[in-house]
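Engineer: Sharing a model that was predicted from the sequence below.
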Amino acid sequence: MAPTKPVQAENKLDMEAVAALLVACAAGLAIRTVSLSRHGFHLRDNNPYFNYRITEHLVTHGSGDFHDWYDHNSWYPFGRDVASTTNSGLPMLTAGLFQALTFCSLNVDLKTLCIYMPLLFTVISILAVYKLVKDIKGGWAGITSAYLVALCPGLAGRTLAGAYDGECMGIALMLWTFYFWNQSLKTGSIQDGLISAVSYIILGLSWGGHVYVINLLALHTFTLALLGRFGRNIYMSYSVTFALGAFVFSSNFAPNMGFERLCRLEFLFPAVIFAFCQVLAASHVSRQPSDKASIRDGLGTIQVLLSLFFVLGGLFLFFKYDLLTPFSPRSLFLSRPFGFDEVIRQTNPLLVSPGNVVPATWASFYLDLEMLMALLPVGVYFLMKEDPSDAEILVILYAASSLYGTGAVVRFMVVLAPAASILGGIAITSIAESYGANLFSSQGHSKKGKDIKSVAAWKQESYEYSLAVIGSLGLLTLLFTLHSVWVNSEHYSTSPLAVILRKGKSKMQLRDFETSFEWIKNNTPEDAKILAWWDHGYRISTLANRTTICDGALINTTHVAKVAQALVGTEAVAYSALRDLQADYVFVVFGGFVGFAADDLGKIPWMIRAAKTLPSSTIDEADYYTSKNQLRFDSRGSPALLNSLLYKLSFHRFGNVLTSKTQGIGFDKVRKVEIGNKHFDLDSVEEVFTSENWLVRIYKVKHLGNRG
């Protein structure tokens with residue numbers, strides 16, 4: 001009967017773990033669905049709209065047609081090869097799930113399913129963190145980390161309901177890849193290596209972050225080799241993961257990858273580490289041919305030498321025929337501390353225009369991590385306190401690299417958030433276990449040692465100190481929970497389509513975007529081409545079902561530069577550009593009437609920089625700034641700016657509008673100035689729609705014939 005006690009204790013822990021994980025999942029799902037109850041079922045941001053279009057196409061036409069799909073509703077007149085320019089893993093999975101549910105006679109709306117998919121991957125991420133940390137520090141550490149990652153704003157903000165983007169699936173797959181990688185290192189079996197490789201391959205089809213993952217695994221392999229831990233398990237795990245991934249990505253099975261992308265410099269380090277593994281394995285075999293514990297079970301000398309030959313031969317051909325291509329622009333952002341990203345700023349300013357590629361500020365770290373920022377180094381300490389295992393070294397490298405990445409690019413916060421949660425959970429559990437044991441031992445001895453006053457007093461002091469530490473941990477966790485709920489509720493769960501403006505303690509929801517997309521859909525020809533700045537393209541093509549000139553894919557920066565030239569040039573220059581682009585309508589977002597800062601005029605510096613990159617451009621950035629290097633919209637603004645098409649489209653008829661009782665007519669609430677050019681006529685375009693709060697203004701391009 002004695003063996004039943006450990007079994008009962010283990011079953012009790014399993015039941016407690018299940019209950020705790022259910023609480024963590026429920027909490028994570030609750031904070032991610034706030035926007036649904038407030039604002040209804042909508043997709044969020046821009047990319048989810050295009051992913052939804054892809055999913056619709058897959059459901060309607062099938063996966064076979066998808067590989068041949070050339071979308072003519074975007075990037076007019078060139079169109080877009082969707083399969084080769086899209087990470088299609090998430091749409092394919094959603095389409096397959098939708099068809100499976102339909103086959104089972106379950107009526108599910110496709111858009112609703114897309115909205116809920118991030119919630120599914122939230123649960124998968126929580127379970128991945130639990131399994132990963134459980135193998136390192138035990139069940140309670142896994143449960144604590146799972147709870148923290150469920151609530152962490154840095155992850156929740158990118159995985160809300162409706163955030164139907166590759167990141168929600170990518171983060172979950174990244175965490176499971178780390179778990180399977182650790183399992184492969186433990187066993188060294190080909191089967192576990194294959195599972196790790198398959199997880200990484202699916203990640204590569206779904207999210208651009210797979211480049212970070214394979215480089216991290218390469219760094220982990222190299223670090224273990226430097227520590228003298230290289231052996232069969234490491235060789236098998238990395239060789240299988242890298243080789244199988246490279247083979248699939250260079251084949252037609254992964255049209256979004258291809259051989260050319262694998263030739264970029266960001267894949268050079270993993271390739272070198274793969275060759276390094278072959279060299280180490282070959283030298284190991286040559287030194288210890290009889291050592292069966294080192295490299296065995298099918299990894300003989302001939303196989304290792306052949307692998308070494310092909311790898312070194314391949315690297316020789318790459319360098320000889322100059323097959324290597326430069327880093328992708330987004331990878332160069334990570335070099336920001338060394339200044340290499342300045343190359344992008346000068347040659348391709350469009351890529352540095354989005355707000356999520358700027359370096360993270362301390363405010364960003366606090367908002368998205370709160371106490372996890374302080375607990376992160378504590379967790380590293382507990383992992384390094386004793387000789388760290390291979391899995392613990394992976395977590396340390398993951399945290400250090402993602403922390404560096406977030407410092408360079410704030411969007412990397414979504415990668416750092418799980419690492420911070422993992423280390424935060426390890427830190428809390430390790431401290432709690434240490435002081436918890438002291439708490440119970442002190443309590444027990446204090447009752448027995450009443451006759452020895454000095455010992456009893458010391459025990460009582462230790463008990464009170466331990467109680468204070470445990471209570472502080474509980475209070476910190478409670479404050480983290482409240483902070484996470486507040487951030488996700490107030491900061492991230494805003495309306496995807498409506499603009500929320502605060503007036504005192506009250507809030508106003510402006511539905512101008514919804515009405516404008518509906519107007520386009522009902523009042524423009526089906527073949528109409530809409531010119532708008534690139535970040536509006538996805539929503540116009542999906543919600544209004546009209547052809548756009550450019551969108552957020554940024555697959556043709558020269559084409560976007562032409563759009564920028566049309567917007568920042570004078571009306572005469574702009575009309576020529578509009579006719580060249582064959583635009584029928586111009587879509588402009590203007591926030592000066594209500595104080596909405598994220599309008600198109602706020603992006604005009606990037607438009608100017610983009611327009612001047614055209615070889616035939618006459619745009620000079622200095623012409624738009626004053627002598628004091630200021631971009632002014634009042635009477636002291638430069639003539640080039642005050643006569644640009646975007647200025648006129650934004651402020652047309654605005655010079656007769658009173659927006660503030662304390663300011664003059666034509667006062668811009670965003671720029672906080674009275675506009676300088678109030679009265680002008682439009683010759684090449686005509687106003688056809690202005691939304692209720694002036695947030696969206698739509699103009700029809702006139703056909704003036706040959707203007708000479």
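Structural biologist: Here it is on my side, so go on. Predicted model, so just to flag it, every value in this text is computed and none were measured.
Engineer: all helices for the stretch 101-250 of the chain, in order.
Structural biologist: Per DSSP state H, counting those that start in this stretch, the stretch 101-250 of the chain carries helices over the ranges 110-137, 139-151, 153-156, 166-187, 190-206, 210-226, 232-249.
Engineer: Same list, the ones you listed, but as JSON lines with mean pLDDT, distance to residue 538 and mean neighbour count please.
Structural biologist: Quick note: C-beta positions are derived from backbone N, CA and C, even for glycine. Listed next are those as JSON lines, based on pLDDT from 0 to 100; distance: least, C-beta to C-beta, whole Å; neighbours: other C-beta atoms under 10 Å:
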{"stretch": "helix 110-137", "mean pLDDT": "95", "distance to residue 538": "14", "mean neighbour count": "22"}
{"stretch": "helix 139-151", "mean pLDDT": "94", "distance to residue 538": "29", "mean neighbour count": "26"}
{"stretch": "helix 153-156", "mean pLDDT": "94", "distance to residue 538": "23", "mean neighbour count": "28"}
{"stretch": "helix 166-187", "mean pLDDT": "94", "distance to residue 538": "14", "mean neighbour count": "24"}
{"stretch": "helix 190-206", "mean pLDDT": "91", "distance to residue 538": "18", "mean neighbour count": "22"}
{"stretch": "helix 210-226", "mean pLDDT": "93", "distance to residue 538": "23", "mean neighbour count": "21"}
{"stretch": "helix 232-249", "mean pLDDT": "89", "distance to residue 538": "26", "mean neighbour count": "22"}
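Engineer: Redo those as a markdown table? Include distance to residue 602.
Structural biologist: Below are the helices of the stretch 101-250 of the chain laid out as a markdown table (distance: least, C-beta to C-beta, whole Å):
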| stretch | distance to residue 602 |
| --- | --- |
| helix 110-137 | 28 |
| helix 139-151 | 32 |
| helix 153-156 | 25 |
| helix 166-187 | 25 |
| helix 190-206 | 32 |
| helix 210-226 | 30 |
| helix 232-249 | 38 |
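Engineer: Between those, which one is closest to residue 70.
Structural biologist: Closest to residue 70 of those, according to C-beta to C-beta: helix 190-206, at 19.9 Å.
Engineer: Which elements pack onto the closest one?
Structural biologist: Secondary-structure packing of helix 190-206 (3 or more C-beta pairs under 8 Å, 6 or more residues apart in numbering; DSSP states H and E): helix 89-103, helix 166-187, helix 210-226, helix 232-249.
Engineer: which outside residues touch it?
Structural biologist: Helix 190-206 has contacts (C-beta atoms under 8 Å, 6 or more residues apart in numbering) with 87-90, 92-93, 166, 169-170, 173-174, 176-177, 180-181, 183-184, 186, 209-210, 213-214, 217, 236-237, 239-241, 244-245, 248-249, 254, 256-257.
Engineer: can you check stretch 16-33 too?
Structural biologist: If you take C-beta under 8 Å, 6+ apart as the criterion, stretch 16-33 is touched by 118-119, 122-123, 126-127, 130, 139, 142-143, 146-147, 149-151, 156, 159-161, 481, 484-485, 488-489, 493.
Engineer: Run the chain-centre distance for that stretch.
Structural biologist: Between the centre of stretch 16-33 and the centre of its chain there are 23 Å (C-alpha atoms, centre = their mean, to the nearest Å).
Engineer: Would you mind listing the buried residues in that stretch?
Structural biologist: 17, 20, 21, 24, 25, 27, 28, 29, 31, 32, 33 (16 or more other C-beta atoms under 10 Å).
Engineer: For it, output the C-alpha coordinates as CSV.
Structural biologist: Output of stretch 16-33 as CSV, limited to C-alpha atoms (Å, rounded to 0.1, in the frame of the first residue of the first chain):
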residue,chain,number,x,y,z
GLU,A,16,-4.4,21.3,-9.2
ALA,A,17,-2.3,22.0,-12.3
VAL,A,18,-5.4,21.4,-14.5
ALA,A,19,-7.5,23.7,-12.3
ALA,A,20,-4.8,26.4,-12.3
LEU,A,21,-4.3,26.2,-16.0
LEU,A,22,-8.1,26.6,-16.5
VAL,A,23,-8.0,29.7,-14.4
ALA,A,24,-5.0,31.1,-16.4
CYS,A,25,-6.7,30.4,-19.7
ALA,A,26,-10.0,31.9,-18.5
ALA,A,27,-8.2,35.0,-17.4
GLY,A,28,-6.3,35.3,-20.6
LEU,A,29,-9.4,34.9,-22.7
ALA,A,30,-11.4,37.3,-20.6
ILE,A,31,-9.0,40.3,-21.1
ARG,A,32,-8.7,39.5,-24.8
THR,A,33,-12.5,39.6,-25.4
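Engineer: So which residues of the stretch 601-708 of the chain form strands?
Structural biologist: Using DSSP state E, counting those that start in this stretch, the strands of the stretch 601-708 of the chain run over 667-668, 673-674, 685-690, 696-701.
Engineer: Just give the strands next to the third one in its sheet, each with its orientation.
Structural biologist: It refers to strand 685-690. With DSSP bridges as the test, strand 685-690 is paired with strand 696-701 (antiparallel).
Engineer: How about the second one?
Structural biologist: Using DSSP bridges, the strands paired with strand 673-674 are strand 667-668 (antiparallel).
Engineer: Report the separation between the residue nearest to residue 199 when sequence neighbours are not counted and residue 108.
Structural biologist: What sits nearest to residue 199 in space, not counting adjacent residues and going by C-beta to C-beta, 6 or more residues apart in numbering, is residue 177, at 4.4 Å. Distance, residue 177 to residue 108, by C-beta to C-beta, to the nearest Å: 29 Å.
Engineer: same check, this time on residue 695
Structural biologist: Distance of residue 695 to residue 108, computed by C-beta to C-beta: 33 Å.
Engineer: Of the two, which one has the most company?
Structural biologist: Neighbour count, other C-beta atoms under 10 Å: between residue 695 and residue 108, residue 695 has more, with 23 against 13.
Engineer: my read: that one touches residue 592, true?
Structural biologist: No. Using C-beta atoms under 8 Å, residue 695 makes no contact with residue 592, being 9.8 Å away.
Engineer: Need the overlap of contacts for these two.
Structural biologist: residue 599.
Engineer: can I get the CA coordinates of stretch 39-56 in PDB?
Structural biologist: The C-alpha trace of stretch 39-56 is given here as PDB (Å, rounded to 0.1, in the frame of the first residue of the first chain):
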ATOM      1  CA  HIS A  39     -17.400  47.300 -29.900                       C
ATOM      2  CA  GLY A  40     -18.800  44.100 -31.600                       C
ATOM      3  CA  PHE A  41     -17.200  41.500 -33.800                       C
ATOM      4  CA  HIS A  42     -14.500  43.300 -35.900                       C
ATOM      5  CA  LEU A  43     -11.100  42.500 -37.100                       C
ATOM      6  CA  ARG A  44      -8.300  44.600 -35.700                       C
ATOM      7  CA  ASP A  45      -5.600  46.700 -37.400                       C
ATOM      8  CA  ASN A  46      -4.700  46.300 -41.100                       C
ATOM      9  CA  ASN A  47      -3.000  43.000 -41.700                       C
ATOM     10  CA  PRO A  48      -6.000  40.900 -40.400                       C
ATOM     11  CA  TYR A  49      -8.200  42.200 -43.200                       C
ATOM     12  CA  PHE A  50      -5.900  40.900 -45.900                       C
ATOM     13  CA  ASN A  51      -5.500  37.600 -44.000                       C
ATOM     14  CA  TYR A  52      -9.300  37.400 -43.900                       C
ATOM     15  CA  ARG A  53      -9.400  37.900 -47.700                       C
ATOM     16  CA  ILE A  54      -6.900  35.100 -48.200                       C
ATOM     17  CA  THR A  55      -9.000  32.800 -46.000                       C
ATOM     18  CA  GLU A  56     -12.100  33.700 -48.000                       C
END
